[in-house]
Every structure is written in structure tokens, then in C-alpha cells.
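# generate coordinates for the sequence data below:
(6 chains)
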6 protein chains.
Amino acid sequence: MFLHRKELIRPVNVGRPDARFGTFLLEQFGGATGELTAALQYWVQSFHVENAGIRDMLQDIALEEFSHLEMVGKLIALHTAKLDQADVYASPLFRVRGMGPHFVDSQGSCWTAAYINEGGNVVRDLRANIAAEAGARQTYEALIKACTDEGSKKTLTHLLTREVSHTAMFMQALDKLGKLTDPIFGNVEPDQTVNVYFNLSKNGKDERGPWNQEPMFTFEADPKPRGGLPANPVNPDDERGKLKAPKLAAE
Amino acid sequence: MFLHRKELIRPVNVGRPDARFGTFLLEQFGGATGELTAALQYWVQSFHVENAGIRDMLQDIALEEFSHLEMVGKLIALHTAKLDQADVYASPLFRVRGMGPHFVDSQGSCWTAAYINEGGNVVRDLRANIAAEAGARQTYEALIKACTDEGSKKTLTHLLTREVSHTAMFMQALDKLGKLTDPIFGNVEPDQTVNVYFNLSKNGKDERGPWNQEPMFTFEADPKPRGGLPANPVNPDDERGKLKAPKLAAE
Amino acid sequence: MFLHRKELIRPVNVGRPDARFGTFLLEQFGGATGELTAALQYWVQSFHVENAGIRDMLQDIALEEFSHLEMVGKLIALHTAKLDQADVYASPLFRVRGMGPHFVDSQGSCWTAAYINEGGNVVRDLRANIAAEAGARQTYEALIKACTDEGSKKTLTHLLTREVSHTAMFMQALDKLGKLTDPIFGNVEPDQTVNVYFNLSKNGKDERGPWNQEPMFTFEADPKPRGGLPANPVNPDDERGKLKAPKLAAE
Amino acid sequence: MFLHRKELIRPVNVGRPDARFGTFLLEQFGGATGELTAALQYWVQSFHVENAGIRDMLQDIALEEFSHLEMVGKLIALHTAKLDQADVYASPLFRVRGMGPHFVDSQGSCWTAAYINEGGNVVRDLRANIAAEAGARQTYEALIKACTDEGSKKTLTHLLTREVSHTAMFMQALDKLGKLTDPIFGNVEPDQTVNVYFNLSKNGKDERGPWNQEPMFTFEADPKPRGGLPANPVNPDDERGKLKAPKLAAE
Amino acid sequence: MFLHRKELIRPVNVGRPDARFGTFLLEQFGGATGELTAALQYWVQSFHVENAGIRDMLQDIALEEFSHLEMVGKLIALHTAKLDQADVYASPLFRVRGMGPHFVDSQGSCWTAAYINEGGNVVRDLRANIAAEAGARQTYEALIKACTDEGSKKTLTHLLTREVSHTAMFMQALDKLGKLTDPIFGNVEPDQTVNVYFNLSKNGKDERGPWNQEPMFTFEADPKPRGGLPANPVNPDDERGKLKAPKLAAE
Amino acid sequence: MFLHRKELIRPVNVGRPDARFGTFLLEQFGGATGELTAALQYWVQSFHVENAGIRDMLQDIALEEFSHLEMVGKLIALHTAKLDQADVYASPLFRVRGMGPHFVDSQGSCWTAAYINEGGNVVRDLRANIAAEAGARQTYEALIKACTDEGSKKTLTHLLTREVSHTAMFMQALDKLGKLTDPIFGNVEPDQTVNVYFNLSKNGKDERGPWNQEPMFTFEADPKPRGGLPANPVNPDDERGKLKAPKLAAE
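Here you go, the predicted model:
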């Protein structure tokens, strides 16, 4: 059951409203890396994760993300409260849709659940969450760099900070499962190619690093196709292209 | 520059074609966790990643994913080569669109670039890739469990194996950057809340674990709003609701 | 600020799990008329609605919808907890994505913010909400008709009931603004055509009703175009079609 | 059967072409609240609505909306007829796609049928239509405010007027069915909670209004969860996270 | 200006309603190759095509496609009029959304304007239309093959026939412009590589045909990269990955 | 199996980086008419096309399009390498997402497989490809017109040239099948209306041309509906609108 306090979880202050910057902020409200994505992803995972502790953590963090979504929404509302009539083209999105946040990104694309990565296994979920936090943090850094208002910057820095905190929590949970540094999880035995590195993109000079070196990896310098020529399925429809059907008069 | 050999990178054999299972396989051709997502995500990252070794790795793995996309496509082509006329409703998707792979998922939804997670920072990119691999691996396990054809199962096991291999490579690269187990990256200093855990979802019994315990985390058992009541922006449009405009005749 | 109690707002019980019916239920989790649409629509409106009472109502109802989303999610989790291995094709969506709810509709399409209708004026918002409730109620009725499990039916009936309750609340709010039965709102004076009904679809017999009759409406039985022939803009590009460029050798 | 007269239903004149304003206008051609949404929504409803009079009304209004779509398209064509080569960035959308209307909104997002709300019951359909008209009217007001060309403004005012007219017609039809002010419709009996208002969003001061007061509503000031702790479904996959599979060499 | 006659342009009869086949039919109502795509594509082209004759043809055919959309819609309404309560899972889409057509395809995906191909040049438009007709025809053939009802089959055959007719008309128009068999159009002079064929996909045996032979084409049997190594842009953000920021306590 | 050379297929040089022009270029990277659409469309067709020569051609051209996608990506990377901090609003898309290409179009909309047209028949596929090339060529012309950098212009002209080359190849293949100028293909016999032209859009003056004239076409000057009045399906749900259910207290 969800409850709500009208006070914000942390303060939001805007010194100098700027509707164009408000458009940027939409990225974290209705964009791919935004708070809605995080809140819904972690929360929906909690329905299928069996481990009670991790399930609880997912719910705690999801709730914080909902509260952050509220903060970003408030930030947008403050930046778009006074749409300047003098320059009608400065913030076309808010001009057309009205002030305040909307569930679109900074380019006006609707939020879609295609942004969410979850399902079937807690290790997969936690790895997806670390990736989601990394994307969110990156966007906050971009917004902070583009921001000239001190109040907004402080709020955005807090939101970025918490993405780091959540990353640390997800890493701890993965580590508890022994899967922070172990690539393998699940119930299917890998085959014997698991250690091979295929050098498929070349320019005469091979870049080497721990990701393609001994002792972990075997470097295959010049990989060849080993799958043979694929048998082509019978597709009777293709012959239709040549069929002679009755023509139109002038043909 | 891309080149192509018609032979497959690894063998693909289908003993008993099953168009319905072909529908399942679309998940890894045109679905969220599929090979197209992986190939395009890693490859597009290579345009902005500065580190020459990691950039090369991204290209090598992307190329392998394109070759895997080809294998999955071939698998689908073989499973749908002979659409059984006796049960027209068994595989409606292929019945309508024709045999062979299409860039939709197992539910018929078009592939969208919203599945891709990348941009701005190599650490974010690599974390996104580990998450992408985890999703792909999970889906392959689901397909293997649902599969009754030995040939298909062997191919799917190889594809799953390689997702594990790629995970290991991305982990090595992150580790080289010192970011496999370090939650912090980028250029913005986190604020002082970075170690706090907010216990926002309750039921009278707190679940505790390394993700919300000392020494790393401070557990805030009963978080309160600290942001105050949000000032409401002036929205002159809302008053419009009460305006008395000339009415229609019968009103 | 959002808070969460792990106990559900109302009970959810499932007597006989049925993963195929679980697929139907997704319509109200990640579908167009589902609880996510309602929760996010009402909540996002609260950022721009000036009237304090209505803003509060929008937040109260939004919170209830989040709690209903949780109930629907729980219902789906219970229906998909035991995926029957005997019939792998019975619930392909859960087979591939894993058990529990996902933010897709019953056809597997991702939830999109395109479902949301809001912005700029409280009258518009409240009318959109009455429409959203009508859609949600209609889908719940369809699910109840398709349902054979008594526990599920009881939960769905409660959820349908609350859509009726919300409709009543939104109607009261609109009525308070004088806009439940008054078609006009906003700041633009309609022109003189406001009472005309154009009979544009014909079959020799005109259907008449209060929506096209005196005293409110003037019935124009045989409307003619009054806008004249549209001047065609100059499009220099079209001439390109005839341009003679150097041909390929064999042409 | 559809027929077409090349003359417009009402005049469209543009005094001063402005490609940037043309971009705004796309909102009513290929946007969520635009004429295509209205035309297709009302028309598709006419296939399942049984009441002959209302079905006819839906078709009449749908046809008018198609004719309005044509007017908006013509307006866009006139505003984009002469793309100013001097400022290539002034209207990037038309610069790339060519002059004239396209089925995208003012932010370049493709029109999607996710905007449409219809199905299963005439009351639901009519409520959806009143909401659609409210959205369309709101966007026309925004466009009129942003418009500096008198000819365009006159056309937009006419289009706004007709949205008001249609609203009046839909209200009359709903009233005829007794459902303009009655929240209840359909065949499922609501349960006993139908009159309760849950005060879920708080800040120490309760806002009260006809939407949460006696005699219609019972105000529950401090709602508690009554659904108990949800039983967690068994998810065997989660245990997989801890499984020890053969490791890569260097692990 | 659009007008409507309630009588259909051609008869639609259904002998044996089959809701599952109704799902298939959605492909031509709200699917990629369906009548809505055709109607809107040809009609929107008419706003920017300068040639009066071709513009008129586009409008004539668009109107016919709208009338065909109506026929397909009617066909779906007849197939879904009586949803069989005995098998609730036979047509889940109509069970949830209600009878009659909806703007989704046979897999339940919403229609999107991304299906439309148009803009900027009449030659491009006409080629897009020939492609659209080919897709529509192909889907009608698939539906006819899957159809067991004679009445439906007759209607579908008529609709397929008219796609052929429209193809012939578009071909005539292109031929009039001299562009049916001439690959070149527009105002940019091709460079000297226009006749080269690059043999990029190999398996030791080159397939040859008029598309890669003299006199029209030069066959480059073993193409090499001629673009050199791409200079890498400076991306200061990537260095961030290595930055040492203050760590969390336990790190 | 795919292979990659790091050198580009053709040179890419940028004299004066312009991040705003970089946004335009996205249209050919992640846009509807872009290289990804072409590459994936031709390549996916190769899985179901039976004719070995045409299948090989599709693969050769697809590979070239992948190499062109790389060139466009490189062009974007060079134009966005140095995001000018002085004008943060000049290229908001790259500011938020980071430098380099992304799979979105110039308006920020994600690439979707809905852009792809393929399936079931080689004639349909080849016609779809000619249309795809026409769209790509048109967009390149628009970009060249908007471009002020000579290096970029040269690259874009080469890419446009190759679209012309591919068009010529697809035309040759269609011609080999006898289907470049023959509208008919496939296995369904058209009915007797195949030669009729319906004059459905009027303004008192009929435009005539080879597309609606003898000897090929019969011109029906004033088409009438021949389908009769559609029988309306029984929709029991609509009666629900009038049902009297127990009301809320104050009603």
C-alpha cells in the first residue's frame, strides 16, 4: 500500500526559472534514464524476487525513486511556471502542452516501458539496476554541466549522489549472492567456447587487454566461419514473382 | 567497413521444425534482450569511447553479436520453413508476415532503439553491457527450457555461453578501469547523503543486509520528509475553468 | 514524499492459478486502461493544477491507484507462480519473460505515456480522468466476465467499484467548477458556428436526437464546402522528378 | 463509402508564412490531441455502437474531423511553402522531411493509435470523446496564444469552436442515456466501498470538497492497509543466482 | 471536404463468423500494410505534390482506401459480433477490448505513422506507394490462404484486386514522369562510383546477374576499405571513468 | 558471419564541426530513411528469398549499407566531438546523451523496426527496397542542401550516389523477374474490377492522365456505393449504458 506526504523528501529551490532548461530536465522525469524508469523497474522486480532481504531493498529504493521523481517534477514545474510570452519559440514543448512535468523526454518522446530491463532472475535484475543507475548518474552529470542556476544544481547533485548510493547497495546485494565479479549465473552449463575471444574487427594491429588475454581468455586472432553454408528453407512463395497472371489491358 | 562470409560462425541445425517455437525465438532476434540490441549497443558505443583497447573490444564483440543475430535468424528460418496448413492458427505471426525472421519480438512488437542503453561515459557503457548480457542469458535459458529439439538446444546453449564470455570480458574491462566494484565514477562530487539507506517500505519488521548496514551504510529506520511543502507555481490557465463564456442556446 | 506499507490496501486471493488469465490481467497493469495510466495521469496533473482542493484529490486518488496497481501485480504474480511445464505454449509471455507482472499489456505491447491525457487546464484534466475511469471500468468488466476464479473475481469487482467511486469524485469536482454539463471552458470566444450540426454521413434517412435538434442545434442537412479551393503552395522540389541527370551506362 | 470535394469545408488563409509556427501546428495534425485522433476514434466507435442515432452522430462528427484534419494540413502546407534558406535551423523538421503536413506531432513523434480511447460500451466511448475534445480545445487555445498571423488565428478559432460544439453533442447523447452525471454504467454491481474516500496524501491539513464529503462520500482520514501481507509466489529461478557453475579460467 | 455514404463501396458478407480470423484481419485495419497506412500516405502526399493530375490521383485513391478501411472494419465487426463464451481464450484481443475493429495489428500492436513513407518529392512518393501496395497485396494473399469463409474470401479478393489496380496507376504516373525504369531523380549529381557493384558478402562462388554485370555495372570482386582509419574525436568524458572520487565508507 | 575492418569503406572528413548539423545527420543513422533501415531490411529479406542470385545481391548491398551506417556515424562523431559550452542550447540532444551517434532520428525519436517493409515475396521485397532507396536519397538531398561544410557534403554526395546505384540494381532484379513494369504478382487471380478508376475526389473538373485513361483504365466519373447498408452486428454491451445500477448516496 502506498502513502504520500505532501512535503518533499529533500528541498527543491529554483533561483532563476528557465523553461528551456526545464525541457532538459524532462529527461529525468519521462526519459530513458529518468526516475520513472528506476522506480518502476525496481518495484516490478520485487514481485518475482524470492530473497526477502533483496526484495525489501528493491522496494525501499523504488520508493525513494518515486520521491525523486516528485522532486524532478517539482523542479520542472518551477522552471516552467512563467512561460515568457516574449519568445514563444523558446520552449515549444511547454507552450503546447502546458506548464509542469509531462511523461516525455527532453526531445518530446513519450516514456515507454521498453526502457525497463527485468525478469526471471535476481542476478539479472541487479545487474540491470546497476546499469540503470549508471545511465541516470550520467544524465544528471550532463544536466549539472548545462545548469546555471545554483538551486537547481544543488538538487541535481543530491539526486546524482543517491544514484551512487543505490549503485553501492545493488553491488552489495550482488556481492552477497557471489555475483558481483562472477560472470556466470543460472542453470545452464556453458559449452567449451566460454574462454575464447574472437578478434573480428581488424586493422592490422591487435589491441590486447585483460579482456582478451591469458590466463582467462584464448585469443583467436583470425576467426573463420565454422558453421558451414546454411541450408536454405523452401519458400514456395518466391516463385510467385514469376507467375503470369492475367494482365491489365494496356500492359 | 563490414564484410560478410556466407558460412555461419557456428553450426545451426534443426531436427523438428516447429513454427510456434519459431515465434519464441523472435525474442532473441527482434526482442529487447536479443542479438540486435547487443550488436547495435556495443557498436554504437565504439564511436565515443576514447580508450583504444576497450573500443576495439566493443567492436570485436559487436561483430560476434551480428554473427549471432544471423544464427538466430537462420534458426527461425528453419523452424518456419514449412508452415503447417493444417493448423492455420498455430503460428499466426508467420502466417501473416511470411516465413523467416522479422524484427519483432515473440509478442509481435517491433524492435525499438529504446532498448539500447549507452552514452557519454565508458563506465556507464560497460555496466549497461553487463546488464544487456544478463538479460540475453536469461532469455536464452528460458528458450532452452521451452525447447524440445536437440539441434536447436545445442545452438541456443552456445549462444548463451557466449553471453557469459562477453560478460567476463566486460567485467575485466571495468576492473581495468577500477570500476567493477567501485560505485563512483564521473566528475561530480557526491553530497553528504551518499551513505544513507532510507527504510521507506515497511511492515513492522526490517530486513537487514550488507546493502543497508554498517560500516558502509547508515540505516534511517523512519525517514521523514525534509523538503518542506513545495511552493506551487502560478498557473493562470487553471482559472479558465471557471470563466463564463457565451453558452450554447439550450444550456 | 512517497511511503509504502508492505500490506496490501485490500486482500488479493487466488484459488486456482491460471497463467493464461494472468496474461489478460496484464491489461490492467501495463495496458492502456490500466492502473499505471490512472496513477501517473492524476499524479502528474497535480503539478499544474492550481486549485488546492482538487490538487489534493488528484493526489489522494493517484495514491490509491498505485496501491491498486500493486494489487493487480500481486494477482498476476499469484496466477503465474507455477508455470505449467506440460503446456509450454499456454502462456508464452510469462514463459519468455519470467513470472510476475511486467509493464506490457495483454498483447505484449509495452506501456507508453501516449496513453496519458493531461495538461494546461483543470477542466480538461478532469474530463480526461472521467474517460480514463470509464475505460478502466470497461476492461475490469471484460476481465470479470472472462474469469472463472472466485477470489480473483472478488478482487476485480473491488477494483471496478473504486473506478466508479473515482468517477463520482471527478464528476463532483467538475460540477463544483460548473463544468460537468457545460461544454465551454477556457479563454477563447467560440465563433458563430457553435450551434451548427453538420449531417455529413448519409443514407437517405436522417437520424435525429437531442444532439442535433432544436433548440440547441441547427441541423444542416446537406452541408457544402465553404472554404473554396485551397491555393497550392509552390513546391520547387516536385519539378525534380522530371530532371534529366546523367544516366547509368545501360539505361 | 467516403467521398471528397476538393474545396475545404471552411476557409484557410495565411498572411505571413512561418515554418516554425508550422511545427507547432503539427500537434493538431499528427499529435495526441489532433484531428486524426478525433476522426479515427469516433469513426471506429461507430462499428460497435448499437444505438442507431448515436452511431450516426459519431459518423457525422468523424467526417467533420477528417475535414478539419484537411484544414490543419492546408494551414501547415501554407506555413511551410517557402522554407527560408537563410536560416536552415529555424524549422529542422520540414527541412529534413519536406514541406507540408506529416503525421508527427510538434516534437517529431509519430502519431500512434495509443492515443485512441474506445471500445466495448457506448458510455465509455462518449466519455472518451468528451475528454478528446477537451484536449483538442486546450491545444487550439495554446496555438492561438502562440499565433501572430490573423488568418491562421481565425481558422484556429473556428476549429476550437467546433470542438466545443462536438462536446455539447456528446454531452447531449450521454444525457439521453442518463449517464452525463451518473457515474455508474455497465453490468457489474459495485461492492460496498463505493462511497469511501481514502485520504492517502497528507500534510496535516485535509482539503475538503464535494468530492470527499457527506452526503455522498465517507471520508476515511487515515486509511490503513486491509489486505494483509501478500503471500509470495514460489519462484525457483531466483535460487539460480547462487548456483555454482564451472568458472572461467581466471576466476 | 470529406463526405460519407453509409452504404459500403462494395459488399461485405460473412458466412461463418470466426473471431480468431477476425484477429488476422486486424492486420489490414490497424497493421503496417493495412488500409489506414495506404489512405493516410497517399492523402498526406497530396498536400505537397505540385502536379495537379498526380495530386488528384492521390486523392482519388486515398478516398478509395478509406472506403476499403471501412470494408475491412465491417468484416472484422461481423467476425467478432458473437464472441463465443465457451472458449474465452480463442480471441483474447476482442475479449478484452470489445468487438469490432481497433487500430492495432493482428499481434495487438498499435498503428503508428512510422509505417508511412512520404515527403519532399513526387518520385519518392510514387515509389513508396508501389511498395505500400505490394505489402498490402502480399498480406491479402496471406489472409485469403488462411480463410475458410467464402464470403470473406470474395471480399478479400476484391481488396487485393484493387491494390493491383492502384499499383498500375502509380506505375503509369511514374512512367509519365519518366521515372518508372530510371533510377535517377532529384537535383544532386551522383559521383563517379554510381556504376560500381561491391561484392561484400562471399562464399567462394560469386552469383552474377544483370544487377552486377556489364554493361551497366562494374563488378568489384574483392572490395577493400578506401576510407582510411577514422580519426577519433576527443571525448573528455571517457577519462572520467578513471577519476578517483571520495569513496563510500566500506569501499 | 560478419567481419570488420577498422578502415572506412570511403573517406569521411569534416572541416568545420557543427553539432546542430550533427543533429540533422541523425536522420540517416537512426531515422526512418536511414542506413540502419536499409541494412536491416535487405539483410532480413535474404533469409526468405529463394532466388540465389537475388539473395546474394541483398546481402552484398546490406553489407554496404552497414558500412555506410558506419560512415554516417563517423560524420556525426566528428560534428559533435567538441560540444560548444558557450551555447548549451545549440545541440540539446548531444548535450544530454553525449557525443557521437545514437539510434534516434533528428527529432530524437528512437529507431523502430516499423520502418522496415519486407516479407513473403521477393517482388514485394524489391519494390519495398526501391522505395527505401528513394526515401534515403531524398533525405540525403535535404541534408546536402542544409550543409555548409565541403567535406561533409562530399561524403553525403557519395552516400546519395550509392542509393541511386542500389536503386538501379533492384530495378534490374525486378526486371529480370518481369515485374519492374508489371503490376501483377503472386498467386491470387484479380477480379473483374482490376481496370476501373474511381473518381472519388471532385471539384467539378476531372484531371485525366495515363493513370485513369483508356486503353488501360475505365474511368468511373461518379462512383456510387454498391455494397448496400452494412448489417449491424449485435453488441449486447451497448445496452449496458442504460442499465440502472444502485447509485451513490447523493445521486
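# confidence score at the residue of the stretch 101-250 of chain A found nearest chain F?
Per Cβ to the nearest Cβ, A:Gln107 is where the stretch 101-250 of chain A lies closest to chain F, at 2.5 Å. Any C-beta I mention is one placed from the backbone N, CA and C, and that applies to glycine too. According to the prediction, A:Gln107 has pLDDT 97.
# what about it, is that helix, strand or coil?
coil (DSSP: H, G, I helix; E, B strand; the rest coil).
# can you tell me the closest non-neighbouring residue to it?
Among residues not flanking A:Gln107 along the chain, F:Gly108 sits closest, at 2.5 Å (Cβ to Cβ, 6 or more residues apart in numbering or on different chains).
# contacts only, for the residue of the stretch 101-250 of chain A closest to chain F.
Neighbouring residues of A:Gln107 by Cβ atoms under 8 Å, 6 or more residues apart in numbering or on different chains: D:107-108, F:92-93, F:104, F:107-109.
# and the two most separated of these?
Farthest apart among these by Cβ to Cβ are F:Pro92 and F:Ser109. That separation is 14.4 Å.
# so between these two, which is more surrounded?
F:Ser109 (25 against 21; other Cβ atoms under 10 Å in any protein chain shown).
# my guess is the more buried one meets D:Trp111, correct?
No: contact between F:Ser109 and D:Trp111 fails when scored by Cβ atoms under 8 Å: they sit 11.7 Å apart.
# coming back round to it: tell me the one of the contacts of A:Gln107 nearest A:Lys179?
For the contacts of A:Gln107, the nearest to A:Lys179 is F:Val104 (32.7 Å; Cβ to Cβ).
# gap between the spatially closest residue to the closest one that is not a sequence neighbour and chain C?
Spatial nearest neighbour of F:Val104, excluding adjacent residues (Cβ to Cβ, 6+ apart): F:Gly30 at 4.6 Å. For F:Gly30, the distance to chain C (Cβ to the nearest Cβ, to the nearest Å) stands at 18 Å.
# how about F:Gly30, phi and psi?
Main-chain torsions, F:Gly30, degrees, to the nearest 10: phi -120, psi 20.
# and A:His4, by the same measure?
phi -140, psi 140.
# now do the contacts for it.
Residues near A:His4 by Cβ under 8 Å, 6+ apart: C:1-3, C:59, C:63, D:200-202.
# show me those residues that map onto helices.
Among the contacts of A:His4, the residues falling in helices (DSSP state H) are C:59, C:63.
# tell me the one of the contacts of A:His4 nearest chain B?
For the contacts of A:His4, the nearest to chain B is C:Met1 (4.1 Å; Cβ to the nearest Cβ).
# would you agree the closest one is in contact with A:Pro11?
No: the pair C:Met1 / A:Pro11 is not scored as a contact, 11.7 Å apart, by Cβ under 8 Å.
# who touches both of those two?
Common neighbours of C:Met1 and A:Pro11 (Cβ under 8 Å, 6+ apart) are B:Gly227.
# for those two, indicate the residue with more neighbours.
More crowded of C:Met1 and A:Pro11, by other Cβ under 10 Å: C:Met1, with 26 against 17.
# how much space between that one and chain E?
C:Met1 sits 24 Å away from chain E, going by Cβ to the nearest Cβ.
# list the contacts for that residue?
Per Cβ under 8 Å, 6+ apart, neighbours of C:Met1: A:4-5, A:7-9, A:67, A:70, B:225, B:227.
# in helices, which of these fall?
Per DSSP H, these map to helices at A:67, A:70.
# closest one to chain F out of the contacts of C:Met1, please.
Checking the contacts of C:Met1 one by one against chain F (Cβ to the nearest Cβ), the nearest turns out to be A:Glu70, at 21.2 Å.
# three-state assignment of the residue of the stretch 151-251 of chain A found nearest chain C?
Residue nearest to chain C within the stretch 151-251 of chain A (Cβ to the nearest Cβ): A:Gly186, separated by 11.8 Å. Secondary structure for A:Gly186, judged by three-state DSSP, is coil.
# neighbours around it, how many?
23.
# and A:Gly22, how far is that from chain E?
For A:Gly22, the distance to chain E - Cβ to the nearest Cβ - is 24 Å.
# contacts only, for that residue.
A:75-76, A:79-80, A:91, A:94.
# which parts of chain A are strands?
Using DSSP state E, the strands assigned to chain A run over residues A:2-5, A:196-198, A:201-202, A:218-220.
# so does stretch A:203-219 get close to chain D?
Yes: residues of stretch A:203-219 contacting chain D under Cβ under 8 Å from any Cβ of the partner chain: A:215-217.
# buried sites along stretch A:136-145?
By neighbour count with 16 or more other Cβ atoms under 10 Å in any protein chain shown, stretch A:136-145 contains the buried residues A:136-145.
# now do it, average pLDDT.
97.
# can you show me the helices along chain A?
For chain A, applying DSSP H gives helices covering A:19-25, A:27-30, A:35-45, A:52-79, A:92-97, A:122-146, A:150-176.
# deepest of those helices, which one?
helix A:27-30 (a mean of 29; mean count of other Cβ atoms under 10 Å in any protein chain shown).
# show me what contacts A:His79?
With contact set as Cβ under 8 Å, 6+ apart, A:His79 has these partners: A:14, A:17-19, A:21-22, A:25, A:152.
# grab the nearest non-local neighbour of it.
Closest to A:His79 by Cβ to Cβ, 6+ apart is A:Gly22, at 3.5 Å.
# measure the one you found to B:Glu65 for me?
The spacing between A:Gly22 and B:Glu65, counted by Cβ to Cβ, to the nearest Å, is 38 Å.
# who in the stretch 101-250 of chain A is up against chain D?
A:104, A:107-110, A:120-123, A:177-179, A:181-187, A:189-190, A:194-195, A:215-217.
# how about a cut-off of 7 Å?
A:107-110, A:120-123, A:177-179, A:182-187, A:189, A:194-195, A:215-216 (Cβ under 7 Å from any Cβ of the partner chain).
# ok, of those, which come out buried?
The neighbour count (16+ other Cβ under 10 Å) marks A:107-110, A:120-123, A:177, A:179, A:182-186, A:194-195, A:216 as buried among these.
# got the contact list for the nearest residue to A:Ala114 once chain neighbours are set aside?
Using Cβ to Cβ, 6+ apart and skipping residues adjacent in sequence, the residue nearest A:Ala114 is B:Ala114, 3.9 Å away. B:Ala114 is in contact with A:32, A:112, A:114-115, F:110, counting by Cβ atoms under 7 Å, 6 or more residues apart in numbering or on different chains.
# and the closest residue to A:Cys110 other than its chain neighbours, how far is that from C:Leu93?
Excluding the flanking residues, the one nearest A:Cys110 by Cβ to Cβ, 6+ apart is C:Ala113, at 4.0 Å. For C:Ala113, the distance to C:Leu93 equals 22 Å [Cβ to Cβ].
# what's near enough to touch the closest residue to A:Leu200 other than its chain neighbours?
Nearest residue to A:Leu200, sequence neighbours excluded (Cβ to Cβ, 6+ apart): B:Leu63, at 3.7 Å. With contact taken as Cβ under 7 Å, 6+ apart, B:Leu63 is in contact with A:200-201, F:2-4.
# what does A:Leu229 give?
A:Leu229 neighbours (Cβ under 7 Å, 6+ apart): B:6-7, E:203.
# buried ones among those?
By 16+ other Cβ under 10 Å, the contacts of A:Leu229 give B:6-7 as buried.
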